[in-house]
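Novice: Turn this into a model:
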Amino acid sequence: MFINRIYQSRDSLIHTFEIVDANVEASFTLNNEVLYITITSPTNDELLLSFRDFKRYEDDPPISLVSESFYLILDNVITMRNGEKYLKPILDFLDSILALVIFIPEIRYSGIDQKTLNVITREYLPDLTYVIGGTEYRLLHSASNLV
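Specialist: Okay, here's the model as predicted:
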């Protein structure tokens, strides 16, 4: 659900990235229900993201009071140089389409550099970790839509 909305809004998102950096290049690739976003600048600032829609495993306990239709998984966040500057427009967009809860695999969350983590946690507040389908995830709630 969310990855299709992000993918369909790619032109609008590219325009927002161009406000941050006029010479930015962005690519959006949807492959096997995973959305890959790559944003690069001529000065080698780079942001690489991969998203997928949340799918609950039958054995997993309920996670939040929020409906699972508002969940999104951010499988990977990689920044190079000052690539985190492109993250806020994406997080703002996610908030606007009501992606209220984002899950990041804990192993990847703990590997995110501090500058990038600061950008993420200004918009999405970290909460507990949950095991979903045998993988530990960090749950982050939208700061502007707390439930």
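Novice: Low-confidence bits of this protein, can you list those?
Specialist: Within the chain, the set of residues satisfying pLDDT under 70 comprises 55-69, 146-147.
Novice: Spatially central residue in it, please.
Specialist: For the chain, Leu74 is the residue whose C-alpha lies nearest the centre (C-alpha atoms, centre = their mean; 4.5 Å).
Novice: Just grab the bridge partners of that residue for me.
Specialist: On the basis of DSSP bridges, Leu74 takes part in beta bridges with Phe51.
Novice: Gly111 falls within a helix, correct?
Specialist: No: membership of Gly111 in a helix is not supported by DSSP: H, G, I helix; E, B strand; the rest coil, which gives coil.
Novice: For it, the count of nearby residues, please.
Specialist: Each residue near Gly111 was counted by other C-beta atoms under 10 Å, and the total is 13. (Each C-beta comes from the backbone N, C-alpha and C, glycine too.)
Novice: repeat for Pro126
Specialist: When neighbours are defined as other C-beta under 10 Å, Pro126 has 15 of them.
Novice: now do Ser110
Specialist: Residues lying near Ser110 (other C-beta under 10 Å) number 10.
Novice: do the same with the one 10 residues further on
Specialist: The number of residues packed near Ile120 is 21, by other C-beta under 10 Å.
Novice: for it, helix, strand, or coil?
Specialist: Three states are possible here, and by three-state DSSP the one that applies to Ile120 is helix.
Novice: can you tell me how far it sits from Gly134?
Specialist: Note on Ile120: its distance to Gly134, by C-beta to C-beta, to the nearest Å, is 24 Å.
Novice: Tell me which stretches of the chain form strands.
Specialist: Assigned by DSSP state E, the chain shows strands spanning 25-31, 34-40, 46-53, 71-80, 101-105, 124-132, 135-142.
Novice: what does the last one contact?
Specialist: If you take C-beta atoms under 8 Å, 6 or more residues apart in numbering as the criterion, strand 135-142 is touched by 63-64, 73, 94-95, 99-107, 109, 120-121, 123-131, 147.
Novice: got it, and the fourth one?
Specialist: Identification of contacts with strand 71-80 by C-beta under 8 Å, 6+ apart yields 2-3, 34, 44-54, 63, 87, 94, 99-105, 108, 112-113, 115-116, 120, 137.
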